[in-house]
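1. Need a 3D model of the sequence below.
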Amino acid sequence: MANGRRDPRPAARSRVPPRSRAVSRHARGAGARGGMAMQSYDDDWTDGQRAVYDECYQAGAEWAGDPDIPSEDVQQVINLGQADDDTFGDSETDFPPLVDAVSQATGENVTSVPASHADPGFRGFVDGVRDATADEVFGL
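-> As a prediction, this is how the structure comes out:
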């Protein structure tokens, strides 16, 4: 608008591709649970890695909150989250809910995820499951 008049030319479109939903949420500072989650980031993670953590955290929390999920499956994920990385070595997991969460968060088709707390997808998912699970149910 110049001198109170509307410019008749159409607005220019940005050539910058839109950011993913995960990166946008992270940039706004909202955690996976609307800013209420205890974020467990590595200090050297990029914004993209933090966004993957956030998306996987949310997916893990939603998965654990599904009443149709067997408690044994939830306990298995909690056990993975509590295990020391030395226990895993260089192993990967193909646990379907985790693989789906990482695929969704990254936009890439993955078939397995490193079983390591250094991996933002793995850590985000197991943290989300742990935080969404009632302490009295699993003795956390």
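2. Please give me every residue in contact with residue 119.
-> The contact partners of residue 119, by C-beta atoms under 8 Å, 6 or more residues apart in numbering, come to residue 113. C-betas here are computed from N, CA, C, even on glycine.
3. can you tell me how far it sits from residue 101?
-> Residue 119 sits 12 Å away from residue 101, going by C-beta to C-beta, to the nearest Å.
4. do residue 66 as well
-> In terms of C-beta to C-beta, residue 66 sits 13 Å off from residue 101.
5. And the two? Which one has more around it.
-> residue 101 (27 against 10; other C-beta atoms under 10 Å).
6. residues contacting the more buried one?
-> 55, 56, 59, 60, 63, 121, 124, 125.
7. Kindly list the main-chain dihedrals of it?
-> Main-chain torsions, residue 101, degrees, to the nearest 10: phi -60, psi -40.
8. Find the nearest non-adjacent residue to it, please.
-> Spatial nearest neighbour of residue 101, excluding adjacent residues (C-beta to C-beta, 6 or more residues apart in numbering): residue 59 at 3.6 Å.
9. which residues sit in contact with the one you found?
-> Here residue 59 is in contact with 97, 100, 101, 104, 105, 124, 125, 128 (C-beta under 8 Å, 6+ apart).
10. rewinding a little: now tabulate the contacts of residue 101 in a markdown table and tack on secondary structure.
-> Formatted as a markdown table, these follow (DSSP: H, G, I helix; E, B strand; the rest coil):
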| residue | secondary structure |
| --- | --- |
| 55 | helix |
| 56 | helix |
| 59 | helix |
| 60 | helix |
| 63 | helix |
| 121 | helix |
| 124 | helix |
| 125 | helix |
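11. Could you say which of the residues you listed is surrounded by the most neighbours?
-> Neighbour-wise, the contacts of residue 101 (other C-beta under 10 Å) top out at residue 125, 35 neighbours.
12. how far away is the residue nearest to it when sequence neighbours are not counted from residue 90?
-> In space, and not counting its chain neighbours, residue 125 is closest to residue 60: 3.9 Å by C-beta to C-beta, 6+ apart. Distance of residue 60 to residue 90, given as C-beta to C-beta: 23 Å.
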